[in-house]
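[1] Model the structure of this input:
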Amino acid sequence: MTDAGRSADDIDTGKPHSARMYDYFLGGKDNYPVDAAAAEQVTSLFPAVSTMARTNRSFMHRASRLLAERGLRQFLDIGTGIPTEPNLHQIVQGVAPEARVVYADNDPIVLRHAEALLHSTRAGQTAYVAGDVREPGKIIAAARETLDFSRPIALSLVALLHLVADEDEPRRIVRELLEPLASGSCLTLSHATGDFDPETWERVVQVYRKGGTAAQVRSLGEFSEFFTGLELVDPGVVLAARWHPERGEPREGDGGGEEIPLYVAVARKP
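    Below you'll find the model as predicted:
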C-alpha cells in the first residue's frame, strides 16, 4: 500500500513509510530501520498484523484472478506497494497474457522497484506512473496512455483508503476515479476496520499518524458507502478471508480464533 500524503521526490529514510512498513510485515527487505521500528510498534499492539498483510495480499490475488476469468483485460492498480511476487500483472496475465496493467504509486522507492521488476508478458503491457491518489485526475490522465477507457477497467485500491483521512474526501476520490470508467468496469477495495477492537486500532492509527501518514480505519457502514451505485459481486462486503476462499490460499485467522479485521469487496459499474 502506498502513503497517500507524500510526493514522489527523494526517498525519505528519516520517517516511516506505509509501503515500506507493509514490506516489513510481509517479511521483505526493502525497508529501513525507521520503518522496522514503527512496524514493530504496530505488531506490539496487534500481533496478527503480518497475517493481516498476507490475508490482504491473498484477497488481491483472488479478486484479480476472478476478474480476469470474467473477461477483464485492463487493470489500474493504485497504491501498488513494493513488488512482492506474485504481483497483480502476473496473476492476470497468467489468465490472459494480453492483459494491460497500470501501476500507480507516489513512493519513489516503489516506482524504482516496479520499473526494475514488474515486466509484462510479450502479448500484454505493464506501465508504471507516479501519482498521488488524492489527485485522481492526474492518475487517470497518465493511465490513458496505456489503457483504453472506452472499454472496462478493473480499478484496484487495495489497502489504500485507510491511509486517506476523511478531510481528503476518500468517497469523492473514488467517485472521480470511477467516473471516466466504462460500464462493466469493476472496483476492488480492502480496508482495515476497528469494528472489533476500536481501542487497539486507535493506537495503531496513532503510530501511523506520528510517522506522517494520515491513517484512518472505518466501520462496515463507512466501507460499504464506497460502493454506492455499484453492483456488488457475490458475496458482497465481507471480511477478507470469507471472500471466495475456495479460489486461493486457505482461510487465515489471527491465531486466536478471531477474524482478521479487514473488510473487502468487489463491485461492477452498471
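[2] Can you show me the helices along the stretch 101-250 of the chain?
    108-117, 136-143, 170-178, 198-210, 220-224 (DSSP state H, counting those that start in this stretch).
[3] Low-confidence stretches in the stretch 51-200 of the chain?
    Flagging of the stretch 51-200 of the chain using pLDDT under 70 yields the residue ranges 115-118, 121.
[4] redo that, cut-off 50
    Across the stretch 51-200 of the chain, nothing is flagged by pLDDT under 50.
[5] ok, residue 153 to residue 262 distance?
    24 Å (Cβ to Cβ, to the nearest Å). In short, each C-beta sits where N, CA and C put it, glycine included.
[6] how about the helices of the stretch 101-250 of the chain, which one is nearest residue 242?
    The closest of the helices of the stretch 101-250 of the chain to residue 242 is helix 220-224. By Cβ to Cβ, the value is 12.9 Å.
[7] Report the buried residues of that closest one.
    For helix 220-224, a neighbour-count test (16 or more other Cβ atoms under 10 Å) marks 222-223 as buried.
[8] right, and the helix or strand after the lengthiest helix in the chain?
    Identified as the longest helix of the chain according to DSSP state H is helix 49-69. Per DSSP states H and E, the first helix or strand lying C-terminal to helix 49-69 is strand 74-78.
[9] which helices and strands does that following strand pack with?
    Applying 3 or more Cβ pairs under 8 Å, 6 or more residues apart in numbering; DSSP states H and E, one finds that strand 74-78 contacts helix 88-95, strand 100-105, helix 136-143, strand 154-158.
[10] Could you please name the strands it pairs with and the direction of each pair?
    Paired strands of strand 74-78, with direction, are strand 100-105 (parallel), strand 154-158 (parallel) (DSSP bridges).
[11] Can I get that strand in PDB, CA atoms only?
    Below are the C-alpha coordinates for strand 74-78, written out as PDB (Å, rounded to 0.1, in the frame of the first residue of the first chain):
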ATOM      1  CA  GLN A  74      -7.400  -3.900 -18.300                       C
ATOM      2  CA  PHE A  75      -6.300  -3.200 -14.700                       C
ATOM      3  CA  LEU A  76      -5.400   0.100 -12.900                       C
ATOM      4  CA  ASP A  77      -3.800  -0.600  -9.500                       C
ATOM      5  CA  ILE A  78      -3.300   2.500  -7.300                       C
END
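[12] what sits up against it?
    2, 64, 67, 88-89, 92, 99-105, 131, 133, 139, 143, 147-148, 151-158, 160, 177 (Cβ atoms under 8 Å, 6 or more residues apart in numbering).
[13] ditto for stretch 159-170
    By Cβ under 8 Å, 6+ apart, the residues outside stretch 159-170 that reach it are 1-5, 18, 22, 56, 78-79, 81, 133-134, 173-174, 189-192, 208, 213-218, 226, 262.
[14] among those residues, which are in strands?
    By the criterion of DSSP state E, membership of the contacts of stretch 159-170 in strands covers 78, 189-192, 262.
[15] Just the buried ones from the residues you listed, in ChimeraX syntax?
    The buried residues among these can be selected in ChimeraX (16+ other Cβ under 10 Å) with this line:
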select :78,189,190,191,192,262
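[16] With respect to residue 119, which of the ones in strands among the contacts of stretch 159-170 is nearest?
    Of those, the one sitting nearest to residue 119 (Cβ to Cβ) turns out to be residue 78, at 20.0 Å.
[17] Quick check: beta-bridge partners of the closest one?
    Going by DSSP bridges, residue 78 is paired in beta bridges with residue 104.
[18] how close does it sit to residue 127?
    According to Cβ to Cβ, residue 78 stands 13 Å off from residue 127.
[19] and what of residue 269?
    Distance of residue 269 to residue 127, computed by Cβ to Cβ: 22 Å.
[20] Alright, calling it a day.
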